[in-house]
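Trainee: Prediction below, plus the sequence it came from.
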Amino acid sequence: MASFHKAPVRPLWVTEAVERMRAAAGAGGGSALLLTGPGLRMLLPVDTALEAWLARLKKTASKAQPCCLHGAYALPEANLLVLDCSRKGVDAVADAAQAMVAGGGDGDGDTGGAAPPLLSAAATSLSMKDALTSVMQELWDGKSGLRVAAAAGGGSGGLSGSLGGSAGGEEPTESEAEGSGQAGQGEMRRLRGLLRLLGNLEGLPEWIQL
């Protein structure tokens, strides 16, 4: 029986990582592939169907470029599939994925003249691992535009000032900055927020090894 799952609520720092991957698309030299479009909407929420489709995709793409697809991250709430490819195989995987969605099979047959579902494929130079790492590092260093509470909580707070600072990047007032004791309390609040963020890993996209 197919395994259906409800799309999770992603922490804002995961959303930020995905946006950085999108921004890096088209720069050339990337081995991560972003797939999105109506053709994925019925596929992404069903674990067993997605895994079977990915296995067919790897087999099909490997005809053009062996060892081209290593794994995937599924983000059904964003209608997005992130594929981890070899640098030489990213084009073969993109072509095979688009052919499979258009034809509903392995990409070798005639589509029968039917209008294919739209599938967009874009290579990006930033991998999911590197994107998540960069966001987490900025959060840790206090350089991110995401507040800790919002980043950990899944979007209730939106984007605001850097961690440990005031909203909008404004300088703290004299009363806010007064005393080393208050500064120490601010650092402790920031540390507690980071620990909550690190404990909120439920929304991380799962790695599907292929």
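Mentor: It's in.

Trainee: which element is Met126 on?
Mentor: You called it Met, but residue 126 is Leu. Under DSSP states H and E, no helix or strand contains Leu126.

Trainee: and this structure, what are its domains?
Mentor: Domain ranges of the chain: 12-131, 133-199, per automatic domain parsing.

Trainee: Can you report how many residues neighbour Ala86?
Mentor: Not quite, residue 86 is Ser, not Ala. Neighbours of Ser86 under the rule other CB atoms under 10 Å: 15. Every residue, glycine included, has its C-beta placed from N, CA and C.

Trainee: what's the burial count for the closest residue to it other than its chain neighbours?
Mentor: Using CB to CB, 6 or more residues apart in numbering and skipping the chain neighbours, the partner closest in space to Ser86 is Cys68 (5.1 Å). Residues near Cys68, counting by other CB under 10 Å, number 24.

Trainee: before we move on, what about Arg192?
Mentor: Arg192 has 12 nearby residues by other CB under 10 Å.

Trainee: Quick one: residues contacting it.
Mentor: For Arg192, no residue meets the contact criterion (CB atoms under 8 Å, 6 or more residues apart in numbering).

Trainee: wait, is Ala121 part of a strand?
Mentor: Yes - according to DSSP: H, G, I helix; E, B strand; the rest coil, Ala121 belongs to a strand.

Trainee: what's near enough to touch it?
Mentor: 33-35, 94, 97-98.

Trainee: so what's it closest to, chain neighbours aside?
Mentor: Ala94 (3.9 Å).

Trainee: Give the other helices and strands that whatever helix or strand that neighbour lives in contacts.
Mentor: Following DSSP H and E, one finds Ala94 within helix 90-103. Under the contact definition 3 or more CB pairs under 8 Å, 6 or more residues apart in numbering; DSSP states H and E, helix 90-103 sits against strand 32-36, helix 47-62, strand 80-85, strand 120-124.
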